[in-house]
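> For reference, the sequence and a predicted model appear below.
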Protein chains: 2
Amino acid sequence: MDQRTEIASMGEFGLIEHLTRNIQFQNASTLLGVGDDGAVIDHLGRQTVVSTDLLMEGIHFDLSYTPLKHLGYKSVVVNLSDIYAMNARPTQILMSIAFSNRFSVEALDEFYAGVYAACEAYDVDLIGGDTSSSQKGFVISVTAIGEVAPDKYVKRSTAKPNDLICVSGELGAAFLGLTLLERERKIFEETGAQPDLEGQAHIVGKLLKPEARKDIIEYLSEAEILPTSMIDLSDGLSSDVLHICKQSQTGCVLYEEKFPFHDDMKNFAYKLQLDPTACALSGGEDYELLFTVAQADYEKIASNPAISIIGYMTPESEGKNIITRAGNKHELIAQGWNHAKS
Amino acid sequence: MDQRTEIASMGEFGLIEHLTRNIQFQNASTLLGVGDDGAVIDHLGRQTVVSTDLLMEGIHFDLSYTPLKHLGYKSVVVNLSDIYAMNARPTQILMSIAFSNRFSVEALDEFYAGVYAACEAYDVDLIGGDTSSSQKGFVISVTAIGEVAPDKYVKRSTAKPNDLICVSGELGAAFLGLTLLERERKIFEETGAQPDLEGQAHIVGKLLKPEARKDIIEYLSEAEILPTSMIDLSDGLSSDVLHICKQSQTGCVLYEEKFPFHDDMKNFAYKLQLDPTACALSGGEDYELLFTVAQADYEKIASNPAISIIGYMTPESEGKNIITRAGNKHELIAQGWNHAKS
């Protein structure tokens, strides 16, 4: 332990790669481990998908503008989003929390009201967890478990050149919701002025009470589309597309003009003199699904208004690029949220 | 949220009961949820057991005397102990950590060296997790997954009057290890004197590097003994026996003279003028298995030197009692570690 390497020099993903580089599985039932949205366990004709998130106060959420009920709801939803991103159906969760003595039972009840609301909305069972004291800060750890038909789980590593790149819903709104709430928090701290969230319910809602795209997974199943790769958008579009490219050993081309934006998101971005495209590429926490499909599935995908085709995969040698509205080609670089670096 | 109930007024177990009182399951595959060592999920002929623990620096461990490698090992083992306490075989874990910037990569490598050593020792696969920054303190969240033959999982709620109460290994050593290390830490802080752990490797080892009783579960299987109830000893013998009594709606009689102690544990207790029996009843973190069996299994249990029969279950109306060496009868009260109250 004489050498000291700063964790910041590796970044979160580098650190995970570093810490897990020597794993060898012992159990035949372990089909897929670290490195995807969830792990996969075989159960003789049924497969289990597992995913976990650790959420820290001051890093992942700010209680000064996050209602506890919303926080409980979101804590569950972001985990379910990982299960859906494996093309699986979430069935159970475990919820652990640690809290300091500034929390009352009523405060925890508010938090759990959100947890149970999410369980009800997504038909999942809370089956366990742990509670603890904390010296400082509220800590939330959620593990979600889901099921998937044999070999129907979808990884990040199996996209092929020419596959279409698809995204559900809309991009960048959660990032702008965060920008707005952070701005209002600073104004409140400096002047005592009450937050002005007038007309911004949409972007604030996308940040504080996101939904997981259960509907998209159900549509893909009904339409008999098995994506060639999938990830949920938690770190920003560029970072998450690059995850798929890296793990699939492909390149990609994205078309800026195809990016789906909500009008409220675009208007607020322009008001702040921000580029909506940059918000989509670099902002995080959209919890939309990003996936690739074979060209043969074009008609089925194009007929669903909740899905946008934003580009296609290329051979790795062609690089990772975005074509702007003006027709210029730029290299895509990761600018997603990186909690370990911040 | 006008009312304010202090969490301390409920205690950890009361809080969990309070927060989970309205759970209703949505999935036929959810066989058992909150309230035992692990939850149980059905998989058509195979059953999955899941358990999770959240470990907080300053609450559950003190890095001033806990080597990171030991901490990694123990974090895994305490979770596996929960899976064994369901009579299941652990197969996979998920490990999440949060750490402040005082941690180096080398420090995390030490921690993970312990994690992987435990995975190897117990044949489990690390299949996922999460990493995050922390504003203060090291946070560890582990979820363990195991498998069990259909309906062979053992709950806390199914002990019957006249069943024998059994415990594996020995009691109270981890508590004395903690007492010793806390004493030496204070001496070091006040005087700078190096810790004196001479001759105390056993009790310190039981605290810092506990093992889960895989061997006992394997023995029970080979001997074709299905315990009528089981729990792992994490909160102290009295607290954990009372969990079984409460959930099984029984009483119990324990015999002090039957409690298994290691000589090093007894000697150190006497040196500190502590009663070994009190250490066993109130100390925590033994990670031994406490279980009940039918009287018909007496011969099989008695022939295993790693198992002690320390009492028997009674009808609930007879209360929860301990018979001292002097032949006196005392009511058993919970004095286990209660993190939420401390």
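Perfect, I can see it now. Numbering: from 1, shown residues only, chains lettered A, B, ... in the order given.

> buried ones in stretch A:266-285?
Within stretch A:266-285, the residues scored as buried using 16 or more other CB atoms under 10 Å in any protein chain shown are A:266-269, A:274, A:276-277, A:279-285. Every C-beta, even on glycine, is put in place using the N, C-alpha and C of the backbone.

> Apologies, that question was intended for stretch A:245-253.
Neighbour counts over stretch A:245-253 (16+ other CB under 10 Å) mark A:245, A:247-248, A:250-253 as buried.

> So among these, where is pLDDT lowest?
In this model, the minimum pLDDT among the buried residues of stretch A:245-253 belongs to A:Gln247 (90).

> all helices for the stretch 201-342 of chain A, in order.
Taking DSSP state H, counting those that start in this stretch as the test, the helices found in the stretch 201-342 of chain A are A:201-208, A:214-222, A:237-248, A:263-271, A:276-282, A:298-302.

> Out of those helices, which gets nearest to chain B?
helix A:214-222 (13.3 Å; CB to the nearest CB).

> State the distance spanning the first to the last residue of stretch A:8-25.
Its start and end residues considered, stretch A:8-25 measures 29 Å (CA to CA, to the nearest Å).

> which residues touch the host helix or strand of A:Val115?
Of the helices and strands defined by DSSP states H and E, A:Val115 is found in helix A:105-122. For helix A:105-122, the external contacting residues (CB atoms under 8 Å, 6 or more residues apart in numbering or on different chains) are A:67-77, A:80, A:90, A:93, A:95, A:97, A:99, A:124-126, A:211-212, A:214, B:1, B:3-7, B:10, B:15, B:18-19, B:22-23, B:26.

> How about the contacts made by A:Cys252?
Taking CB under 8 Å, 6+ apart as the definition of contact, the neighbours of A:Cys252 are A:165, A:241, A:244-245, A:311-314, A:320-321, A:332.

> repeat for A:Leu237
By CB under 8 Å, 6+ apart, the contact list for A:Leu237 reads A:167, A:171, A:254, A:259, A:280-281, A:286, A:290.

> The same query, at a cut-off of 6 Å, please.
A:280-281 (CB atoms under 6 Å, 6 or more residues apart in numbering or on different chains).

> What are the boundaries of the strands in the stretch 1-150 of chain A?
Per DSSP state E, counting those that start in this stretch, the stretch 1-150 of chain A carries strands over the ranges A:30-32, A:39-42, A:47-56, A:89-99, A:125-133, A:139-148.

> With mean pLDDT, mean neighbour count and distance to chain B added, can I get the ones you listed in a markdown table?
A markdown table is the format used below for the strands of the stretch 1-150 of chain A (pLDDT from 0 to 100; neighbours: other CB atoms under 10 Å in any protein chain shown; distance: least, CB to the nearest CB, whole Å):
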| stretch | mean pLDDT | mean neighbour count | distance to chain B |
| --- | --- | --- | --- |
| strand A:30-32 | 71 | 20 | 4 |
| strand A:39-42 | 71 | 24 | 4 |
| strand A:47-56 | 90 | 26 | 4 |
| strand A:89-99 | 89 | 26 | 4 |
| strand A:125-133 | 85 | 24 | 4 |
| strand A:139-148 | 92 | 27 | 4 |
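
> one step back: for B:Ile231, which of the helices of the stretch 201-342 of chain A is the nearest?
Judged by CB to CB, the one of those that comes nearest to B:Ile231 is helix A:214-222, at 36.8 Å.

> For the closest one, buried residues please.
Those buried within helix A:214-222 under the rule 16+ other CB under 10 Å are A:214, A:216-217, A:219-220.

> just those now: which is nearest B:Glu189?
Comparing these against B:Glu189 with CB to CB places A:Lys214 closest, at 53.6 Å.

> okay, how far is it across stretch A:247-260, tip to tip?
With CA to CA, one end of stretch A:247-260 sits 25 Å from the other.

> what's around the residue of the stretch 151-300 of chain A found nearest chain B, how many residues?
Of all residues in the stretch 151-300 of chain A, the one sitting closest to chain B is A:Ser234 (11.1 Å; CB to the nearest CB). By the other CB atoms under 10 Å in any protein chain shown criterion, the neighbourhood of A:Ser234 contains 22 residues.

> Please apply the same query to A:Asp286.
Taking other CB under 10 Å as the criterion, the count of residues near A:Asp286 is 29.

> mind checking pLDDT for the closest residue to it other than its chain neighbours?
Nearest in space to A:Asp286, with sequence neighbours left out and distances taken as CB to CB, 6 or more residues apart in numbering or on different chains, is A:Leu233 at 4.2 Å. At A:Leu233, the pLDDT value in this model is 95.

> Thought A:Gly137 was touching A:Glu57, still the case?
Yes. With the criterion set as CB atoms under 6 Å, A:Glu57 and A:Gly137 qualify as a contacting pair; they are 4.0 Å apart.

> Chain A - how does it break down into domains?
Following automatic domain parsing, chain A resolves into domains at A:7-148, A:164-331.

> before we move on, back to that, I'd like the buried residues of stretch A:266-285 laid out as CSV, including pLDDT and distance to chain B.
Compiled in CSV, the buried residues of stretch A:266-285 are given as follows (pLDDT from 0 to 100; distance: CB to the nearest CB, whole Å):
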residue, pLDDT, distance to chain B
A:Lys266, 95, 32
A:Asn267, 94, 33
A:Phe268, 94, 28
A:Ala269, 95, 28
A:Leu274, 93, 25
A:Pro276, 94, 28
A:Thr277, 94, 28
A:Cys279, 94, 23
A:Ala280, 95, 24
A:Leu281, 94, 23
A:Ser282, 92, 19
A:Gly283, 89, 19
A:Gly284, 89, 14
A:Glu285, 93, 14
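
> Quick check: the two most widely separated of these?
In the buried residues of stretch A:266-285, two members sit farther apart than any others by CB to CB. They are A:Asn267 and A:Gly284, at 20.8 Å.

> if we can go back for a sec, format the strands of the stretch 1-150 of chain A as a markdown table; extra columns: distance to B:Glu224.
Putting these into a markdown table (distance: least, CB to CB, whole Å) gives the following:
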| stretch | distance to B:Glu224 |
| --- | --- |
| strand A:30-32 | 29 |
| strand A:39-42 | 28 |
| strand A:47-56 | 29 |
| strand A:89-99 | 31 |
| strand A:125-133 | 29 |
| strand A:139-148 | 31 |
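
> A:Met313: what's it in contact with?
Under the contact definition (CB under 6 Å, 6+ apart), the residues listed for A:Met313 are A:159, A:161, A:163, A:250, A:252, A:292.

> farthest-separated two in these?
Looking across the contacts of A:Met313, with CB to CB as the criterion, the two at the greatest separation are A:Pro161 and A:Thr292, at 10.2 Å.

> who has more neighbours, the two?
It is A:Thr292, of A:Pro161 and A:Thr292, that has more neighbours when counted by other CB under 10 Å, with 28 against 16.

> Surely that one touches A:Ile225?
No. Under the criterion of CB under 6 Å, A:Thr292 lies out of contact with A:Ile225, with a separation of 10.8 Å.

> Next, A:Ala223: phi, psi?
phi -80, psi 0 (degrees, to the nearest 10).

> Identify the residues contacting it.
For A:Ala223, the contacting residues are A:Lys300, by CB under 6 Å, 6+ apart.

> which parts of the stretch 151-300 of chain A sit against chain B?
When proximity is defined by CB under 6 Å from any CB of the partner chain, the stretch 151-300 of chain A lies next to chain B nowhere.

> Low-confidence ranges, the stretch 101-250 of chain A, go.
Per-residue confidence of the stretch 101-250 of chain A (counting by pLDDT under 70) places no residue in a weak region.
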